[in-house]
Structure formats: structure tokens, C-alpha cells
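Asks: Turn this into a structure:
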Amino acid sequence: MQVYGLIGNPVEHSLSPPLHEAGYEALGIDARYVTFEPGIDDAAAAVRGATTLGVAGLNVTVPFKRDVLDAVDPDPLAERIGAVNTVDFGPVRAGDADQPRGYNTDAAGVRRAFEHHDVALDGTDAVVVGAGGAGRAAAFALADAGASVHVANRTTERAVDLAGDVPNAAGGGLDDLATRVADANVLVNATTVGMEEDATPVPTEALHANLAVLDAVYTPIETRLLADAAAAGATTVDGAWMLLFQGVEAFERWTGRDAPVEAMNRALRDHL
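Replies: Residues are numbered from 1 along each chain as shown. Prediction:
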């Protein structure tokens, strides 16, 4: 039996176990997915311990996505984003005997969520609200898919710094967010606004029918931003799709098989 898992702190409310185990069951894979909660300073040690124990793969969530970088061999995208959320302990590659491979599947989660909703990204003008970890993944995903990206953040300096790392991107504060969104084709909310309160990070009057909106928040599944966007005629993509497809990407890297997306999506939404 293969063992996969998740490290984070905290992890007790993670939806990854039912998501992945639904995939194993659908494909008849003899595997289990478990959670681990190392101490705040022990992420790298946890990865090394997983190697020793024969764990086949790990997901990594907050606050460890940057901490594990030194314990893995990051692929180019994870290195550019500066964060790893998937570790593969698969066959050792020449020259990499001491470290497993690290990936960032959050970027794929953004891209595949839009693809699933028939939203083309190449040649679009995109706005990403938020310059934290989710914002970094979204900005790189959109830019690599061919979009021009504007990062908007409450702290302007963080937006400008992120935009400096991303091809074909610019950054700024929130003062001109309404104008940026009004002229955009794609919008990603990568903040937590809307999770704990009935609030939106985007002025409602800026939303329009030629916009595709992804909200990384998935509890609630329909945020105020998504409700406002739907009312404006925009295409809406809830955050569970991003969560699903980052997991799907990890599943496929670990197993080498096409993930049973419908089964995994049903399991995820059953637990929301």
C-alpha cells in the first residue's frame, strides 16, 4: 500500500484526504492519504522523515510552502513562485539522490479551473487581487498562459515586488482597482476577503459580462464577489475548482494516471 499525505499546521479541517482517497477508490489504487502536523519549525525535518518512512508523496500547506524549499529539488515553476505544495518521493533522478522533487500545483489549479469553464487565458488582460502565496501562484499561472497581469494589493510595494518577478506584469495598490477590473477579461481574488464576512475585495460597479472571475475562497462556496459577478453576467469559477485541480495535478504526478476528476469533485463538494 502506498501512503500519501499532507503536512501543515493546522491540518485538522483539510479536505485533501477525502479528495485524494476518492481518486484512489475510483481507480482501484491501494493507497491511503493521511495528515501530519509538524511543529512550526519542523517542515524540512518532516520531509526528510517522510523520505525515511517511504511516504510516496506529500502535499504541503500553510505555513510550510516556503519552508520546504531547502528540503526538496524544486522544479522551475516552483522555484520561480518561491513555494512548494507538492513533494514527489518517486524514482530518484541522476544527481538528485538526496532530495525529492518539489512542485507548485496551485498554479495548475488556477489554469485548469479556468480551462474547465472554457475560459481562454492567452491574450487576456487579467487582474489578480492579493500578493500572498495564492496571488503569486495565480499571477504566474496567468502570465505563463499568455495573459497580461496586473497585481493589486493593499500594500502597493508587495504588488510591485511580485509583478517584478512575473513576465508581462505590473503591480499597484487598490486605488485604481475598479478601473483595472472594468478593462479586464479575467479576475482572480487571491485574498481571504469574503471568507469570514459578507464582503468583497472588488467594487461591484466594476464587474461586467465580459469578465471571468475566480475566487480562491471556497467557504462559502458562493462569495459576495461571485454573487455580484454572476449578477453582472460574468463567468464565475468558485474556489473549490482551484482546490480540486491543484489536487488533481498532484494526484497525476504521483500516480502517473489520469485523475478521476468527477469522482474527486463529488467527494470534495460533499465535504464542503
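Asks: contacts, neighbours, all on C-alpha from now
Replies: OK.
Asks: Residues in contact with stretch 19-35: which ones?
Replies: If you take Cα atoms under 8 Å, 6 or more residues apart in numbering as the criterion, stretch 19-35 is touched by 1-7, 11-12, 17, 244, 247, 251, 259-261, 263-265, 267-268.
Asks: That one: which residues count as buried?
Replies: 19-24, 33, 35 (16 or more other Cα atoms under 10 Å).
Asks: What's the end-to-end length of that stretch?
Replies: Taking Cα to Cα, to the nearest Å, stretch 19-35 runs 13 Å from one end to the other.
Asks: Check the average confidence over that stretch, would you?
Replies: The predicted model gives stretch 19-35 an average pLDDT of 98.
Asks: on that earlier part again, okay if I get the buried residues of stretch 19-35 as TSV plus secondary structure?
Replies: What follows is these, written out as TSV (DSSP: H, G, I helix; E, B strand; the rest coil):
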residue	secondary structure
Leu19	helix
His20	helix
Glu21	helix
Ala22	helix
Gly23	helix
Tyr24	helix
Tyr33	strand
Thr35	strand
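Asks: If you count contacts, what does the longest helix along the chain end up packed against?
Replies: Longest helix in the chain by number of residues (criterion: DSSP state H): helix 239-255. Packing partners of helix 239-255 (3 or more Cα pairs under 8 Å, 6 or more residues apart in numbering; DSSP states H and E): helix 16-27, strand 86-88, helix 106-116, helix 261-270.
Asks: Repeat the analysis, applying 10 Å as the threshold.
Replies: Secondary-structure packing of helix 239-255 (3 or more Cα pairs under 10 Å, 6 or more residues apart in numbering; DSSP states H and E): helix 16-27, strand 57-60, strand 86-88, strand 101-103, helix 106-116, strand 212-215, helix 261-270.
Asks: Return the alpha-carbon coordinates of it using PDB.
Replies: The C-alpha coordinates for helix 239-255 follow below in PDB (Å, rounded to 0.1, in the frame of the first residue of the first chain):
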ATOM      1  CA  GLY A 239     -12.700  28.400  -5.200                       C
ATOM      2  CA  ALA A 240     -13.400  24.700  -4.900                       C
ATOM      3  CA  TRP A 241     -12.400  24.300  -8.600                       C
ATOM      4  CA  MET A 242      -9.000  25.600  -7.900                       C
ATOM      5  CA  LEU A 243      -8.700  23.400  -4.800                       C
ATOM      6  CA  LEU A 244      -9.800  20.400  -6.900                       C
ATOM      7  CA  PHE A 245      -7.400  20.900  -9.700                       C
ATOM      8  CA  GLN A 246      -4.400  21.600  -7.600                       C
ATOM      9  CA  GLY A 247      -5.100  18.200  -6.000                       C
ATOM     10  CA  VAL A 248      -5.800  16.600  -9.400                       C
ATOM     11  CA  GLU A 249      -2.400  17.800 -10.600                       C
ATOM     12  CA  ALA A 250      -0.600  16.300  -7.600                       C
ATOM     13  CA  PHE A 251      -2.600  13.000  -7.900                       C
ATOM     14  CA  GLU A 252      -1.500  12.700 -11.600                       C
ATOM     15  CA  ARG A 253       2.200  13.500 -10.800                       C
ATOM     16  CA  TRP A 254       2.200  10.900  -8.000                       C
ATOM     17  CA  THR A 255       0.400   8.100  -9.800                       C
END
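Asks: If you count neighbours, what's buried in that helix?
Replies: Applying 16+ other Cα under 10 Å to helix 239-255 flags 239-251, 253-254 as buried.
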